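> Here you go, sequence then predicted model.
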Amino acid sequence: MHLRTSPISTALRGALALALLCSPQAATGAPPLLGRAPAPPAPSEPDAGCPAAAQAVSRVGAGKYSEAARLYEVCARATNDPSLWKKAGMARYNARQYAQTIHALEAAQVIGGGDPQTQAILDDARKHAVTVRFAVAVPPGGAAPERLRVAQREAAPQDELDVAWPEGAAAVDVWVDPGAWTAEISLKGGERVGPRDLRAASGVTEPQVVLFRVEAPVVAPPAPVIPVDVDLTLGPAGALKRGGARLLWLGPPGVSEETIRTTRTRWRLAPGTWQLEVKAPGFVPQLRTLELRAGAPSQLALKLARTRMEKARIGLAVGTGGVGLGLLVGGLALVTRGRRDYRAVADDIDGSGSPAAGAALTTALPAIRDISNGTMLATSALGAGVAAVTVAAEGSSTVLTVEAGVGGVLLVAGLAWLVPAKRQYADTPAGASPDLGFLDERRRPEIAAAGLLGLGAGLAAGATLALITRVVLARPGRLPTMARRPLPRIVGLGVQGNF
């Protein structure tokens, strides 16, 4: 190719040829045309670490500047010595390879700093070279550029320009000689873009732009996910009666929460690892892990266990109701027997004091007592039943506390009413015999007071027992300590009354 030259270029080229033929130390000094030459340094062998440097000197003597430059560049890359980069640039300049000259001398300046000689060569080389701007368009998700390789056509492989692409840069400016070139970009991951042919035009002031496009990565569509059928059997049925059971599925797609009210359900889930958490009021939560594989339906059976509090609630409700039923049966039996005996002798109680009236009175008083005691038992069964219903309906402790308080008030009121009502039987005048009206007048208040007393006793006892049970179950850690305490010899208090 025909390149323009200038007087300064010819002078520089001759001086550099003389410098490269001199000793390695003198080659780093300024040529005579750029100023006074420095004093020769002390003899040394700075290039002894790279045998190719000695070969480069012989190539310079033979006028083979390109070969000498390649040898210097091999040594410069191995040792990162700025003087070797400078010698490579000087050889390239004498070979009229201005793009390689700029590349080598800029490397020398970055590593070892600049000097007037290097800067003068760079300035003259840039007059003979042009700037090409290599740009790249990277789509979202595409690989970023890593290196740029630019080479003249039919040039030796060692003469290419290998430039590191700056991180995040969209374009890189490179000095090249006018003429035909090829360019190629290496991407991260090993892929390449190019090569692209270009012709650098001389005499232009604006950079010539060469655009590379990186292909968007091919993303394979996700394989269709075929759901797996999971048949779930949940028991017992009582776990679903109070608002149903809450199911929490945790798997590949995310979290799914639903409430079921049937014992058998079918779920369609994606293959993978799933965790199932089941919660129901009054039952211990359960956690299961499932490994689902495509095309393999699964079956899962879960049986929930009642909590300690739930078991105690059911036992207490059933026990209190059973006791109340027993009291009701016993009370009705006593009332029935007392009414029968009382009616049998009612006609003979005429207040005459006859033997028949005395015998009838002897039978009527125990009959009234049976009616009173039976009424007390029956109403206590009613109070216990109210407490049992509250426990079965999961009434709060506040409701039970109110029931225990009301039962205590009724118990005290009934007892305060019953004692004077029984003492009224002793109001008979001396020597007189009570008649049926006398007994009926005192029998009715006594039965009412006994009923009130029984209702209060049953309600207070049932509610208090439920509260004590809840307190004990709420503090399971204290049970072993209490169990280790010795029991006192006297554990109860007996009260006997004859009404």
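Happy to help now that I have it.

> pretty sure residue 149 contacts residue 161?
Yes - with contact defined as C-beta atoms under 8 Å, residue 149 counts as touching residue 161 (7.1 Å). In this view, the C-beta of every residue, glycine as well, is placed from N, C-alpha and C.

> So residue 242 sits against residue 282, correct?
Yes - if you go by C-beta under 8 Å, residue 242 and residue 282 touch, sitting 6.9 Å apart.

> Looking at these two, which is more packed in?
residue 282 (17 against 12; other C-beta atoms under 10 Å).

> need the strands for this protein, in chain order.
130-137, 145-152, 161-164, 171-176, 179-187, 192-200, 208-213, 228-235, 245-251, 254-260, 264-269, 272-279, 286-292, 298-303 (DSSP state E).

> what's the least confident stretch among the ones you listed?
The weakest mean pLDDT among the strands of the chain belongs to strand 208-213, with a mean of 82.

> Dump it to PDB, restricted to CA.
Extracted C-alpha coordinates of strand 208-213, given in PDB (Å, rounded to 0.1, in the frame of the first residue of the first chain):
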ATOM      1  CA  GLN A 208     -15.600   4.700  11.400                       C
ATOM      2  CA  VAL A 209     -18.200   2.500  13.100                       C
ATOM      3  CA  VAL A 210     -18.500  -1.200  12.900                       C
ATOM      4  CA  LEU A 211     -21.500  -2.700  14.700                       C
ATOM      5  CA  PHE A 212     -21.700  -6.300  16.000                       C
ATOM      6  CA  ARG A 213     -25.000  -7.900  17.000                       C
END
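
> in its sheet, what does that strand sit against?
strand 130-137 (parallel) (DSSP bridges).

> Report the inter-axis angle for the strand it pairs with versus strand 179-187.
30 degrees (axes from the mean of the first three to the mean of the last three C-alpha atoms, to 10 degrees).

> Check which residues of stretch 300-317 are buried.
304, 306, 310, 312-313, 316-317 (16 or more other C-beta atoms under 10 Å).

> And stretch 223-236, by the same measure?
Using 16+ other C-beta under 10 Å as the test for burial, stretch 223-236 gives 228, 230, 232, 234.

> could you dump the strands of the chain to TSV with distance to residue 349?
Shown next, in TSV, are the strands of the chain (distance: least, C-beta to C-beta, whole Å):
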stretch	distance to residue 349
strand 130-137	121
strand 145-152	123
strand 161-164	127
strand 171-176	127
strand 179-187	121
strand 192-200	125
strand 208-213	123
strand 228-235	64
strand 245-251	66
strand 254-260	68
strand 264-269	70
strand 272-279	68
strand 286-292	70
strand 298-303	66
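
> Figure out which of these is closest to residue 62.
Residue 62 lies closest, by C-beta to C-beta, to one member of the strands of the chain: strand 145-152, at 22.5 Å.

> Keeping just the C-alphas, turn that closest one into PDB.
Output of strand 145-152 as PDB, limited to C-alpha atoms (Å, rounded to 0.1, in the frame of the first residue of the first chain):
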ATOM      1  CA  PRO A 145     -18.200  -9.200  25.000                       C
ATOM      2  CA  GLU A 146     -14.800 -10.200  26.500                       C
ATOM      3  CA  ARG A 147     -12.100  -9.600  23.900                       C
ATOM      4  CA  LEU A 148     -11.800  -7.900  20.400                       C
ATOM      5  CA  ARG A 149      -9.400  -9.300  17.800                       C
ATOM      6  CA  VAL A 150      -8.500  -7.200  14.800                       C
ATOM      7  CA  ALA A 151      -6.100  -8.300  12.000                       C
ATOM      8  CA  GLN A 152      -5.100  -7.100   8.600                       C
END
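
> From the rest of the structure, what touches that strand?
The contact list for strand 145-152 (C-beta atoms under 8 Å, 6 or more residues apart in numbering) reads 132, 134, 136, 138, 157, 159-165, 172, 174, 176-177, 179-188, 193, 212, 214.

> and if we set it to 7 Å?
134, 136, 159-165, 172, 174, 176, 179-188 (C-beta atoms under 7 Å, 6 or more residues apart in numbering).

> I'd like to know which of the residues you listed are buried.
134, 136, 159-161, 165, 172, 174, 176, 179, 181-187.

> on that earlier part again, list just the nearest of the buried residues of stretch 223-236 to residue 403.
residue 234 (34.8 Å).

> Next up, the contacts around that closest one.
Counted by C-beta under 7 Å, 6+ apart, residue 234 has contacts 245, 263, 278, 302.

> Of those, which is the most crowded?
Result: residue 245 is most packed of these (other C-beta under 10 Å), 25 neighbours.

> Just grab the bridge partners of that one for me.
Taking DSSP bridges as the rule, residue 245 bridges to residue 260.

> for residue 164, same thing?
residue 147.

> ok, now how distant is it from residue 70?
20 Å (C-beta to C-beta, to the nearest Å).

> Surely residue 346 touches residue 436?
Yes - under the criterion of C-beta atoms under 7 Å, residue 346 makes contact with residue 436 at 5.7 Å.

> out of these two, which sits in the more crowded spot?
More crowded of residue 346 and residue 436, by other C-beta under 10 Å: residue 436, with 20 against 16.

> Once you drop chain neighbours, what's closest to the more buried one?
Excluding the flanking residues, the one nearest residue 436 by C-beta to C-beta, 6 or more residues apart in numbering is residue 349, at 4.6 Å.

> so who does the one you found touch?
So residue 349 contacts 357, 360-361, 364, 435-436, 439 (C-beta under 7 Å, 6+ apart).

> related to what we said a few turns ago, farthest pair in the buried residues of stretch 300-317?
304 and 316 (20.4 Å).

> which stretches of the stretch 51-200 of the chain form helices?
Secondary structure of the stretch 51-200 of the chain (DSSP state H, counting those that start in this stretch): helices at 51-61, 65-79, 82-94, 98-112, 116-128.

> Residue ranges in the stretch 51-200 of the chain under the pLDDT threshold?
Nowhere does the stretch 51-200 of the chain drop to pLDDT under 70.

> For the residue lying farthest from the centre of the chain, give its distance to residue 263.
Most distant residue from the mean C-alpha position of the chain: residue 354, 94.4 Å away (C-alpha atoms, centre = their mean). Noted for residue 354: a distance of 75 Å to residue 263, by C-beta to C-beta.

> For the closest residue to residue 186 other than its chain neighbours, the count of nearby residues, please.
Of all residues not flanking residue 186 in the chain, residue 147 sits nearest, at 4.4 Å (C-beta to C-beta, 6+ apart). Per other C-beta under 10 Å, the neighbour tally for residue 147 reads 14.

> Can you check the distance spanned by stretch 274-288, start to finish?
8 Å (C-alpha to C-alpha, to the nearest Å).

> for stretch 238-248, that is, sorry about that
End residues of stretch 238-248 are separated by 19 Å (C-alpha to C-alpha).

> What residues of it count as buried?
239-240, 244-245, 247.

> quick one: that stretch to chain centroid distance?
25 Å (C-alpha atoms, centre = their mean, to the nearest Å).

> quick one: contacts of that stretch?
234, 255, 257-263, 276-283, 304.

> In PyMOL, how would I select just the buried ones from those residues?
Entered in PyMOL, the line below selects the buried ones among those, by 16+ other C-beta under 10 Å:
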select buried, resi 234+260+276+278+279+280+282+283+304
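
> Tell me who's in contact with residue 289.
273, 275.

> wait, residue 286
So residue 286 contacts 278, 302, 304 (C-beta under 7 Å, 6+ apart).

> and if we set it to 10 Å?
234, 245, 276-280, 302-305 (C-beta atoms under 10 Å, 6 or more residues apart in numbering).

> Pull the most distant pair out of the residues you listed.
That would be 276 and 305, which, of the contacts of residue 286, are the farthest apart (C-beta to C-beta) at 16.1 Å.

> Having no further points to raise, I will conclude here.
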